[in-house]
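J.: Give me a 3D structure for the following:
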Amino acid sequence: MTLSSSDRSTRSGVSPTLDLVHRPRRNRKNDWARRLVRENTLTVDDLIWPVFVMEGEKTRTEIPSMPGVERHTVDELVRSAEQAAKLGIPALALFPYVDPNLRDPDGSEALKSNNLICRALRAIKAEVPDIGLITDVALDPYTSHGHDGLLEDGRILNDETVDVLVRQALVQAEAGADVIAPSDMMDGRVGAIRAGLDDAGFQDVQIMSYAAKYASAFYGPFRDAIGTAKTLSGDKRTYQMDPANGLEALREAELDVNEGADMLMVKPGLPYLDIVWRLKETFGLPTFAYQVSGEYAMIEGAARNGWVDGERLMLESLTAFKRAGADGILTYFAPRVAALLNSGR
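T.: Below is the predicted model of the structure:
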């Protein structure tokens, strides 16, 4: 006797209502199969390592709110740059911890050719010339009030700040910066910086715009790292974006694209994966996401308490950026991830 397909399903204990033709699990049954059909892959080429530099010599200081992350003196930062190059990490993003005695209301230290960032740029370029160096253009590490721009009667002066940011960008370009990354969120700053760089002969210096930088609570540990947590007066909501807004990110990014940005960035990262996707789909420019200090601290803190598998969560979170369309990620996990990927894990 020949059984019908319905009889066979019933006899085998499988419900006749199941569609037995389509079984997505077939492509998941083995590791080799999962690798063959994987849509997105995280590689060392996707990583940018944000690093903190401070005054002194032969010293590294751990940042308590970012366990495992250190401030480096310039000589130690050079050693870290060598490590990054050996791991294959394409670029570093440099941030200064400026001596509080050098901070003033105008952020004048940012314009000095021998300031901490400029000395770090020259030192790294002298010994690790092939690694990319990305510098932050904003005044908050240099101002006594902790804001990204010039402050007058409690109000940030947009146009006056842009003039200062152009001069800051030129100082950094002269010291060897490969990419200028304005994070200040002043209107018109990308176009002004592009014009300033071109006029000074730095046509090949790229601009990675913080196109969508939100007024986020995820920045707390970073402000500890650069020493502005206690100096910041008020908040930054008049110039950083409202976390509730998505379409506004498209308008901000469009302005930066039209002003000459070479690359776009979204900050923070994981809470704003939808914004990464929107910017990449809309403009098609190289698009980056910053896995910021608060994101790092939550993952690392939970891992150190044994609440999560830290290694898996680290890799999963970074893969999420790739799935959302990011071409690269700024992450404090960069050297650890690079070592894992290089080992084949």
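J.: name the helices or strands packed onto whichever strand or helix holds residue 288?
T.: When secondary structure is defined by DSSP states H and E, residue 288 falls within strand 287-291. Using 3 or more CB pairs under 8 Å, 6 or more residues apart in numbering; DSSP states H and E, the elements in contact with strand 287-291 are strand 263-267, helix 273-283, helix 310-323, strand 328-331. Placement of C-beta: from N, CA and C, glycine included.
J.: Outside of the second one itself, list whatever touches it.
T.: This means helix 273-283. Residues outside helix 273-283 that contact it (CB atoms under 8 Å, 6 or more residues apart in numbering) are 211-212, 246, 249-250, 253-254, 257, 264, 266, 269, 285, 287, 289, 320-321, 323-327.
J.: rerun at 7 Å
T.: 211-212, 246, 249-250, 253, 257, 264, 266, 287, 289, 320-321, 324-326 (CB atoms under 7 Å, 6 or more residues apart in numbering).
J.: Which residue ranges of the chain form strands?
T.: Listed in chain order, the strands of the chain (DSSP state E) span residues 47-54, 60-62, 70-73, 91-96, 132-137, 150-152, 155-157, 179-182, 206-213, 263-267, 287-291, 328-331.
J.: Return the helix or strand in this protein with minimum mean pLDDT.
T.: helix 5-11 (a mean of 50; mean pLDDT, DSSP states H and E).
J.: what's the neighbour count on residue 305?
T.: Neighbour count of residue 305, defined by other CB atoms under 10 Å: 9.
J.: actually residue 189, sorry about that
T.: For residue 189, the neighbour count with other CB under 10 Å is 29.
J.: which residues touch it?
T.: Under the criterion of CB under 7 Å, 6+ apart, the contact partners of residue 189 comprise 162, 165, 182.
J.: quick one: strands adjacent to the strand holding residue 288?
T.: strand 263-267 (parallel), strand 328-331 (parallel) (DSSP bridges).
J.: among the ones you listed, which is the most enclosed?
T.: Across those, the average number of neighbours (mean count of other CB atoms under 10 Å) peaks for strand 263-267, which reaches a mean of 26.
J.: Okay, angle between it and strand 132-137 too, please.
T.: Inter-element angle recorded for strand 263-267 and strand 132-137: 60 degrees (by axes from the mean of the first three to the mean of the last three CA atoms, to 10 degrees).
J.: how about the helices of the chain, start to end?
T.: Using DSSP state H, the helices of the chain run over 5-11, 31-37, 74-87, 116-127, 158-175, 189-199, 220-226, 247-258, 273-283, 293-304, 310-323, 334-342.
J.: center of this protein - which residue?
T.: For the chain, the residue lying nearest the average C-alpha position, counting by CA atoms, centre = their mean, turns out to be residue 290 (2.6 Å).
J.: Spit out the contact partners of that residue.
T.: For residue 290, the contact set (CB under 7 Å, 6+ apart) comprises 265, 267, 268, 269, 330.
J.: Name whatever forms a beta bridge with the first one.
T.: This points to residue 265. In this structure, residue 265 bridges to residue 210, residue 288 when assessed by DSSP bridges.
J.: Look up how far residue 221 lies from it.
T.: 19 Å (CB to CB, to the nearest Å).
J.: before we move on, the earlier item: which member of the contacts of residue 189 is positioned nearest residue 92?
T.: Ranked by distance to residue 92 (CB to CB), those are led by residue 182 at 17.3 Å.
J.: Near that closest one, how many other residues are there?
T.: One way to gauge burial is a neighbour count; for residue 182, by other CB under 10 Å, it gives 29.
J.: Kindly report the same for residue 36.
T.: Counted with other CB under 10 Å, residues neighbouring residue 36 total 9.
J.: CA atoms of stretch 237-252 as CSV?
T.: Output of stretch 237-252 as CSV, limited to C-alpha atoms (Å, rounded to 0.1, in the frame of the first residue of the first chain):
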residue,chain,number,x,y,z
ARG,A,237,21.0,69.9,24.1
THR,A,238,21.1,73.2,22.2
TYR,A,239,23.6,71.9,19.7
GLN,A,240,23.6,68.1,19.9
MET,A,241,20.6,66.2,18.5
ASP,A,242,17.4,65.2,20.4
PRO,A,243,17.4,61.4,20.8
ALA,A,244,13.8,61.3,19.8
ASN,A,245,14.5,62.5,16.2
GLY,A,246,15.3,60.4,13.2
LEU,A,247,14.4,62.5,10.1
GLU,A,248,16.5,65.3,11.6
ALA,A,249,19.6,63.1,11.2
LEU,A,250,18.9,62.9,7.5
ARG,A,251,18.8,66.7,7.2
GLU,A,252,22.0,67.1,9.3
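J.: Many thanks, have a good one.
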